[in-house]
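J.: missing the sequence, but the structure's below:
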């Protein structure tokens, strides 16, 4: 039986009902973003700061706490609150900026995404708000004064939660219809004494009228309503909406206009400005709000007196249905609570349908909250780069060296899955590809649309480059878009139970081919099929900043860059073969990517030139090419040298049976190029009989790499694969250039280097995206070598495992980061005792990366984006076993082959 949420999802995908129109699409930080930066020097963090954010109207988006908006962010709803002690109204989450934090920017609040459904028919999150004065200055000054070798100073460290004197503010959204949204706010006083909270649910319009010819929208109080407050919203595009607030609460109106006078910027456009509600509540400025009860921003002023250990409930409803005054209270009455509770039950039914029954309760909680975090991190992203450049007083066609100046074609007006709605409230290309894999568990339609987005003409550069990330679209992220596209296609095909959406796949293929060609033309400096790319997302993993000119001159041949391109060729081959089911002209394209891979593999293994492979160490390294023609291996054992494992793909016997031409043409190519055949691993396409394994290494090299990968004194942590070998703890790598020593040492926690901003660390911690690719590689290699190939895991333990079992072992270690141990503590929270106590222990955050030895969460605290991939592991290995994989191949694991059907 189809669940109610699945039916809504199907209706949304079919275009029958716009169930996704409203969602949690507000950022948690719009200030300090590139879009809002109009400074001459590109100082985004300081141009519009947290302090300024309450007073200056944004141009490109909005932020808020537990925020909701339509998919164009025309009308926004979020929470504000005041504990009676703070110097400002709490309207947005606070954190330190890149220059204030000793490890870069970081949010300094505690909030948790608890639940959510793909159509946002039910959403729940929790915010912990201290009853003592929020220590804004203490957090800034203490963090600013700490060095990189010290821990970050967190909100818990300040003592504001002592004695449990805080409010748990729980926010639930439930949809009664596509445009009829119920909001239930439950405020719990966790403290030992009665406490007062002024809760201010706030409705406002994004200010688009200041820079466009758009007619000004308006908010108005509806008179004559007993026992409730009602706001009518009128917008030229949205039409009319009504916000219903249960209880006789005053409404505070102002305008979403900048308070220019606060910053010496001349007279204000309106006497009622963005910070008017805060000034009224906190400072007692009665004249700061509009007595005419109209404006473009309004808050209901709700004072809650909550006894110790008790709670209070507030009910709101945002609807497109006109409500007669006499019916308002009924719309907020018993049926309201029944609807919210029903949507919560339907969320349970949906996940019971989607998640395998073999999952344990703890694993199910980890999976569900990870997916909730991804759903809450969907965000409206508006950025018209040509308009933005014009706002700088520049000619978009000749913008010079300004950030993103050559991306004047980019025109964003979309809902996008963000890495972290506070620290990374902007898309990043490779993050987004990983997000789609996790989203595929619950919303394949959204996953496909996200992959489409970066390949659309509004985003993809005319040259074929995919924009990297907002701070520098011209930088380069690893090319994993094709990998994600093919995997999402296969998952979609499995769920559909038909021939698959090959029209969608074909559209993506042609755009990916353009991007592949960009890589070949732009990132192969010598034309030798060995690639560079720059930092490739692995910020400080190298000896040098790989995006900057090298102090030696010359360039780096990158082991990871070359591996990414080998995998890209394999993925394009997979897609071409799938499309050949309908159109055999794609076989020519398939052969092109066979040859691309062969050229890359031959270059990596060429015996007659300086190579990235080190025979003595049994490992791949970046190769520093010097201006005089010399070359030096930079012998850092890092994820850079493990990523060649990722470029391993199995093509099962069904491929050779259906397309023998591919095998014949591949052999003809090798016969015509004996130098390539000689340089390829084992001189042939290796693998089990009937299957074909494309890889950058032979069996001997594979075993040597795996011995390091699975060594607990090198890469294998109790919690996954480290990004840098622990070997470098006792043996740091040093490289001298002109008397200056460049050093790489094992640093399992936060970065001690300022390279590439210094706010993340690839010199020891565990990162989920590359761990996923290691697991993918191991499963493919298992499909190629089978049960006869075993290795010690861990190295030296005497325990032998198949590669399938190794993949599951790594998956289990990664999942263990979030599971409570025997003592009730989750490793992701490190040594923080509070997270094992009653009102904290069932709340999970999914950090950017994790301590290489103890699994503690580090970096961005809510980067559920790619860390949300943890949702995939328990599901995958609950339904997958080794014999099934060998019997049907990797494709058959996802779906029955056409031949079997």
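T.: Nice, thanks for sending it over. What you see is a predicted model; the values in this text were computed from it and never measured.
J.: all strands of the stretch 551-700 of the chain, in order?
T.: Remark: strands assigned in the stretch 551-700 of the chain by DSSP state E, counting those that start in this stretch are 555-557, 613-614, 619-620, 622-625, 631-634, 649-651, 692-694.
J.: Nearest to residue 112 among those would be which one?
T.: Among those, the nearest to residue 112 by Cβ to Cβ is strand 649-651 (38.2 Å). (Each C-beta comes from the backbone N, C-alpha and C, glycine too.)
J.: Residues touching that closest one, excluding its own?
T.: Contacts made with strand 649-651 from outside it, assessed by Cβ atoms under 8 Å, 6 or more residues apart in numbering, are listed as 567, 570-571, 573-574, 577, 687, 691-695, 780-781, 783-784, 889-890.
J.: which stretch among the strands of the stretch 551-700 of the chain comes nearest residue 772?
T.: strand 649-651 (14.9 Å).
J.: Just give the strands next to that closest one in its sheet, each with its orientation.
T.: According to DSSP bridges, the neighbouring strands of strand 649-651, each with its direction, are strand 692-694 (antiparallel).
J.: still on that earlier bit, reformat the strands of the stretch 551-700 of the chain as CSV; add mean neighbour count.
T.: Conversion of the strands of the stretch 551-700 of the chain to CSV gives the following (neighbours: other Cβ atoms under 10 Å):
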stretch, mean neighbour count
strand 555-557, 22
strand 613-614, 19
strand 619-620, 28
strand 622-625, 24
strand 631-634, 17
strand 649-651, 26
strand 692-694, 22
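J.: Those strands: which one's closest to residue 372?
T.: Shortest distance between residue 372 and the strands of the stretch 551-700 of the chain, using Cβ to Cβ, is found for strand 649-651: 32.7 Å.
J.: returning to that earlier point: select, out of the strands of the stretch 551-700 of the chain, the one closest to residue 330.
T.: Counting by Cβ to Cβ, residue 330 lies closest to strand 649-651 out of these; the figure is 60.1 Å.
J.: and after the helix or strand encompassing residue 452, which helix or strand comes next?
T.: Assessed by DSSP states H and E, residue 452 sits inside helix 444-455. Using DSSP H and E, the helix or strand that directly follows helix 444-455 along the chain is helix 481-496.
J.: that older thread, so which of the strands of the stretch 551-700 of the chain is nearest residue 178?
T.: Nearest of the strands of the stretch 551-700 of the chain (Cβ to Cβ): strand 649-651, 41.9 Å.
J.: lowest-pLDDT helix or strand in this structure?
T.: Counting by mean pLDDT, DSSP states H and E, the weakest-scoring helix or strand in the chain turns out to be helix 882-894, with a mean of 65.
J.: before we move on, back to that, to residue 435, which of the strands of the stretch 551-700 of the chain lies closest?
T.: strand 649-651 (22.0 Å).
J.: average pLDDT across the closest one?
T.: Mean pLDDT, strand 649-651: 90.
J.: and if you look at stretch 746-766?
T.: Mean per-residue pLDDT for stretch 746-766: 92.
J.: again, but for stretch 337-355
T.: Regarding stretch 337-355, the rounded mean pLDDT is 97.
J.: again, but for stretch 16-32
T.: Averaged across stretch 16-32, the pLDDT comes to 98.
J.: how far is that stretch from where the chain is centred?
T.: 15 Å (Cα atoms, centre = their mean, to the nearest Å).
J.: first to last residue in that stretch, what's the distance?
T.: Separation of the first and last residues of stretch 16-32 by Cα to Cα, to the nearest Å is 38 Å.
J.: Next: stretch 234-241.
T.: Its first and final residues considered, stretch 234-241 spans 7 Å by Cα to Cα.
J.: Would you mind listing the outside residues contacting it?
T.: Contacting residues not belonging to stretch 234-241 are listed as 70, 72, 74-75, 179, 205, 214-215, 217-220, 232-233, 318-320, 322 [Cβ under 8 Å, 6+ apart].
J.: Drop anything exposed from those residues.
T.: The neighbour-count test (16 or more other Cβ atoms under 10 Å) marks 70, 72, 74-75, 179, 205, 217, 219-220, 232-233, 318-319 as buried among those.
J.: Name the spans of the protein whose pLDDT lies under the cut-off.
T.: 608, 682-689, 887-901 (pLDDT under 70).
J.: The most far-flung residue of it relative to its centre - nearest residue in space that isn't next to it in sequence?
T.: Residue distances from the centre of the chain (Cα atoms, centre = their mean) peak at residue 224, which lies 46.4 Å from the mean C-alpha position. Taking Cβ to Cβ, 6 or more residues apart in numbering as the measure, residue 224 lies nearest to residue 325, with 4.8 Å between them; neighbours along the chain are not counted.
J.: Any figure for the gap between that neighbour and residue 475?
T.: Counting by Cβ to Cβ, to the nearest Å, the gap from residue 325 to residue 475 is 56 Å.
J.: surely residue 356 meets residue 876?
T.: No. Under the criterion of Cβ atoms under 8 Å, residue 356 is not in contact with residue 876, lying 9.5 Å apart.
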